[in-house]
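> Return a 3D structure for these sequence lines:
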Amino acid sequence: MTNNRHNEKSDLPSRKTRTNAVKETTATNENKITISFWQLLSSTLAAFIGVQSNANRERDFKHGKISHFIAIGILFGITFVLTIITVVKIVMASVGA
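Numbering: from 1, shown residues only. Down below sits the predicted model:
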């Protein structure tokens, strides 16, 4: 009888260790999920316009990389400025200025 109790007690820490290992593995797997290029593009565009949904924002903060958002944001910014410059030049040329 003493041996059975001893075996039960020694078995308990290994169960906890296995449970902790599963939790750590699950947490590691969740961190490895990344967002697709199209999700990154649409999230950045939505942020530029100001209509980002809360669910997408949480997904971006949880699974996205800040460097990717910065790079796409800079590209969107440059594209926006160049588009405005081009439109102004076309309008000015059509007016005759």
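> mind giving me the domain split of this protein?
Structural domains assigned to the chain are 1-32, 37-97, following automatic domain parsing.
> Could you tell me the least trusted of the ones you listed?
In terms of mean pLDDT, the lowest-scoring of the domains of the chain is domain 1-32 (a mean of 53).
> Pull the number of nearby residues for residue 39.
Burial measure for residue 39: 15 neighbouring residues, criterion other Cβ atoms under 10 Å. In this view, the C-beta of every residue, glycine as well, is placed from N, C-alpha and C.
> Could you check how many residues crowd around residue 44?
21.
> Quick check: next helix or strand after the helix or strand encompassing it?
Using DSSP states H and E, the secondary-structure element containing residue 44 is helix 37-49. For helix 37-49, the succeeding helix or strand toward the C-terminus, using DSSP H and E, is helix 54-63.
> which of the residues in stretch 54-63 are buried?
Neighbour counts over stretch 54-63 (16 or more other Cβ atoms under 10 Å) mark 56, 60 as buried.
> which other residues reach that stretch?
Stretch 54-63 is touched from outside by 30, 31, 33, 34, 35, 39, 42, 43, 46, 69, with contacts defined as Cβ atoms under 8 Å, 6 or more residues apart in numbering.
> With just CA atoms, put the helix holding residue 44 into CSV.
Taking C-alpha atoms only, helix 37-49 is exported to CSV below (Å, rounded to 0.1, in the frame of the first residue of the first chain):
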residue,chain,number,x,y,z
PHE,A,37,0.2,39.5,-47.5
TRP,A,38,-3.4,40.4,-48.4
GLN,A,39,-4.4,40.7,-44.8
LEU,A,40,-1.4,42.9,-44.2
LEU,A,41,-2.3,45.1,-47.2
SER,A,42,-6.0,45.4,-46.2
SER,A,43,-5.2,46.1,-42.6
THR,A,44,-2.8,48.8,-43.5
LEU,A,45,-5.2,50.4,-46.0
ALA,A,46,-8.0,50.2,-43.4
ALA,A,47,-5.7,51.9,-40.9
PHE,A,48,-4.9,54.7,-43.4
ILE,A,49,-8.6,55.3,-43.9
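> Could I get the contacts of stretch 54-63 in CSV, plus columns for distance to residue 89?
Converted to CSV, the contacts of stretch 54-63 look like this (distance: Cβ to Cβ, whole Å):
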residue, distance to residue 89
30, 49
31, 47
33, 44
34, 39
35, 36
39, 34
42, 30
43, 31
46, 29
69, 30
